[in-house]
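Q: Take a look and give me a structure for this.
(chains A and B)
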2 protein chains.
Amino acid sequence: MNFKAYVCGLCGREFLPDRIRYRCESCYGPLLIEYDPVSSAEKVTAKKLETRRPGVWKYRDILPIHSSTEPVSLGEGGTPLWETKTLASSIGLSAVFVKDEGRNPTGTFKDRGATIGVTIAVEAGFKAAGTVSHGNMGTSMAAYITKAGLKGYIIAPENISSERLLYLSVYSPKVIQVVGGYDEMYDEAIKLGEQLRVFFVNSDNPFRIEGYKTMAFEIVEDLGWEVPDWVVAPASSGGLASGLGKGFQEFKKCGLISRMPRMAIVQPTGAQPIVRAFKEGRKTVEPMKQPSTSIVHSLGNPNPPSGARVLNLIRETDGWAVAVTDGETTTAQRDLAKLEGIFAEPAAAISIAGLRKLVKLGKIHKDEKAVAIASGFGFRDPGDIGKVVDKALIVDISELAAVIAREVKER
Amino acid sequence: MNFKAYVCGLCGREFLPDRIRYRCESCYGPLLIEYDPVSSAEKVTAKKLETRRPGVWKYRDILPIHSSTEPVSLGEGGTPLWETKTLASSIGLSAVFVKDEGRNPTGTFKDRGATIGVTIAVEAGFKAAGTVSHGNMGTSMAAYITKAGLKGYIIAPENISSERLLYLSVYSPKVIQVVGGYDEMYDEAIKLGEQLRVFFVNSDNPFRIEGYKTMAFEIVEDLGWEVPDWVVAPASSGGLASGLGKGFQEFKKCGLISRMPRMAIVQPTGAQPIVRAFKEGRKTVEPMKQPSTSIVHSLGNPNPPSGARVLNLIRETDGWAVAVTDGETTTAQRDLAKLEGIFAEPAAAISIAGLRKLVKLGKIHKDEKAVAIASGFGFRDPGDIGKVVDKALIVDISELAAVIAREVKER
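A: Coordinates of the predicted model:
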């Protein structure tokens, strides 16, 4: 790896990779890691990548980890990219691919960020690590901190659901629920972490974004080194879209692809700070007062730290940003399961709802190739899907033959 | 593939592979598929296998599917085999490996059976398929039937939990809850299926066992073509252990390994028909009247169809069978999560509880290498783990600094 500099995602200022850094010293924007393009190009070739076992760590030539460091891994990445048929035609597109991130170790794409974040914590000699999270990221970090054998602290809001709290609590880290504002605990944890030598890998940590970018690498490889026309992703903190964009940019820099896909993000109508900023033509995101969504809990971030960078990516790639209702998301969740056999959580299925809307709006055309990111597993958070699926028949054993005979004949 | 014959797992009678078969015509025992050992040995080499992408279908040379048939796949198999350290030493063994089957598409090892079962249904021209299941197998079959675009029927007992019912209902097949005995609906479905051309892949279907055997193949490969001393697996219908045994037997026949591992099965104390038969020295399993386990629901089969075959495997390999309490299972589930970062469902963690017991009983010695099968994902069925994990701290934001400072100092 050829870690050249940290670059601020907001103001562009560069910093030396002399130590672990997090935020910009000038504007407090989230930093991104930049590689030396020349020596990267020497190192990363399609041929070399194709022979390696799938997963985040096959890309370690362009990850900010020393080649001698043992990864803290639970087998993340290498998730399937499904070409859908029935779903694609129901949306009115000829080619829709679904990147099934629910297949990660804790059931979400967050594991890609956690593996890098916890590995760098170990490499840098930290004895403790943690995160501030509403749920999925906390569970993911808790699993990786356990695997690494570090002490850990998962800081969560006081009002998370009992199920989310359970999933945070099964691993070794201490779970601390905080009464107070989310933004406040987010910043406080980073500050405390620096004082107390606890590596807090919050959603906009540069090392986390490094993990997310591998999703883009896999998409390109699985499409036979082709770039899709569109990539549609859910957005909360903006880290997922930021990482995806970085992945495509780096493959382009390495000469492995020749153009960027158009990037679209999707948010729930009740929590759409990035979509609003996009529509209003702003360069930065105005925090929302009270985000509200009854089901897409993971996407309720009112003040997305990577928001400005995501707005940039959307505009640079001539992309778009849409909001969908919770009902549209539940319908998309049902369609994905019933038509393709992929059971995704609401926060993942929202990308399918967004894709549908982008087609309706005339943004995506029927002969374009689109990839939707299904970011998490339905078994972790089924949301409201129970309300839109068919009720089971209840029959006596003596009626079974007649019922099945009738069902077989139907249609 | 060199599909030579069907062989009855009970009486040993052979049948031609002239058509899809299920049970023995003489004794109604579950059939197994036998390959031509000579031509298999010609085909299957370590070198050839090592270059293929991980997953069930890399072993298609020894699967009963025509080489021209497109697999109905959701990316099953290729699950990680973790070498545990803290867990191994807590059990008192030097080498404990955990095969993490929760990483399959619907979160259980059942997907290995479903991919083969549904693929053969398509290959044989069936337009509909189904299964009879309490939960995990039904969900798995539902997902694969959806992927194949077939009609589907999932038959479940009337009294399954609302969560299990939801997971069955999200895919395309019709869910039919039956009021009546489980054994009755199991046999009735197979009979009806033959009449109505619906391929019912129930737990003892020979094609399902073909999928399970790939677990053994992967274990051997991931251990660098070594055979572990012990393999410990949960048992309900007995299909999992039957498939594992078949896998090791076939690799031995192909000359890829030189011996079998010792095989052990684990059941909950409230539902232990195989363990009892083993202790009593019987060749077949006596059905249990009222199996009862409060948490290990997937392992409640009172009349395991592959029971006799499993008893055989245990005795041939000088293995063992143990029962553990639900409390021991929950403790094992917590240990696996807290020590290794692997969150397994109770029916999976039971193999760790069994392993612990086998060590206590002096069956497994401290320098022996053991593999435990963690058959399913904890996010699908957390069981009682909530009762044994630490409660979260609840603090005000103003106290956070003091709390973390205190925690960091503690050991």
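
Q: and the spatially most central residue of chain A, what does it touch?
A: What sits nearest the mean C-alpha location of chain A, by CA atoms, centre = their mean, is A:Leu240, with 3.9 Å. Remark: with contacts taken as CB atoms under 8 Å, 6 or more residues apart in numbering or on different chains, A:Leu240 is in contact with A:Phe109, A:Tyr212, A:Met215, A:Ala233, A:Pro234, A:Ile373, A:Ser375. The C-beta positions use only the backbone N, C-alpha and C, and glycine is treated the same way.

Q: Contacts only, for the residue lying closest to the third one once chain neighbours are set aside.
A: Meaning A:Met215. Leaving aside its sequence neighbours, A:Met215 sits nearest to A:Leu244 (CB to CB, 6 or more residues apart in numbering or on different chains; 5.8 Å). A:Leu244 is in contact with A:Tyr212, A:Lys213, A:Met215, A:Ala216, A:Val231, A:Ala233, A:Met263, A:Ile373, counting by CB under 8 Å, 6+ apart.

Q: The last one: how many residues sit nearby?
A: What it means is A:Ile373. Applying other CB atoms under 10 Å in any protein chain shown, we find 30 other residues in the vicinity of A:Ile373.

Q: Tell me the spacing between whatever residue of the stretch 51-200 of chain A ends up closest to chain B and A:Asn205.
A: Relative to chain B, the nearest point of the stretch 51-200 of chain A is A:Gly180 (2.9 Å; CB to the nearest CB). From A:Gly180 across to A:Asn205, the span is 21 Å (CB to CB, to the nearest Å).

Q: more crowded one of the two?
A: More neighbours surround A:Asn205 than the other of A:Gly180 and A:Asn205, with 26 against 16 (other CB under 10 Å).

Q: correct me, but that one touches A:Arg21?
A: No - using CB atoms under 8 Å, A:Asn205 is not in contact with A:Arg21, being 9.9 Å away.

Q: any idea how far B:Val96 is from the residue lying closest to the residue of the stretch 51-200 of chain A closest to chain B once chain neighbours are set aside?
A: In space, and not counting its chain neighbours, A:Gly180 is closest to B:Ile397: 2.9 Å by CB to CB, 6+ apart. Distance, B:Ile397 to B:Val96, by CB to CB: 42 Å.

Q: do A:Tyr212 as well
A: According to CB to CB, A:Tyr212 and B:Val96 sit 33 Å apart.

Q: of these two, who's got more company?
A: B:Val96 (30 against 26).

Q: Contacts only, for the more buried one.
A: B:Val96 makes contacts with B:Glu83, B:Thr84, B:Leu87, B:Ala88, B:Leu355, B:Ala370, B:Val371, B:Ala372, as judged by CB under 8 Å, 6+ apart.

Q: likewise A:Leu313?
A: Here A:Leu313 is in contact with A:Ala241, A:Ser242, A:Gly245, A:Met263, A:Gly319 (CB under 8 Å, 6+ apart).

Q: Share the number of residues neighbouring A:Val231, please.
A: Counted with other CB under 10 Å, A:Val231 comes out at 29.

Q: er, A:Ile176 actually
A: 23.

Q: so which helix or strand takes in it?
A: strand A:174-179 (DSSP states H and E).

Q: pretty sure the residue of the stretch 51-200 of chain A closest to chain B contacts B:Asp396?
A: Yes - in terms of CB under 8 Å, A:Gly180 counts as a neighbour of B:Asp396; the distance is 6.5 Å.
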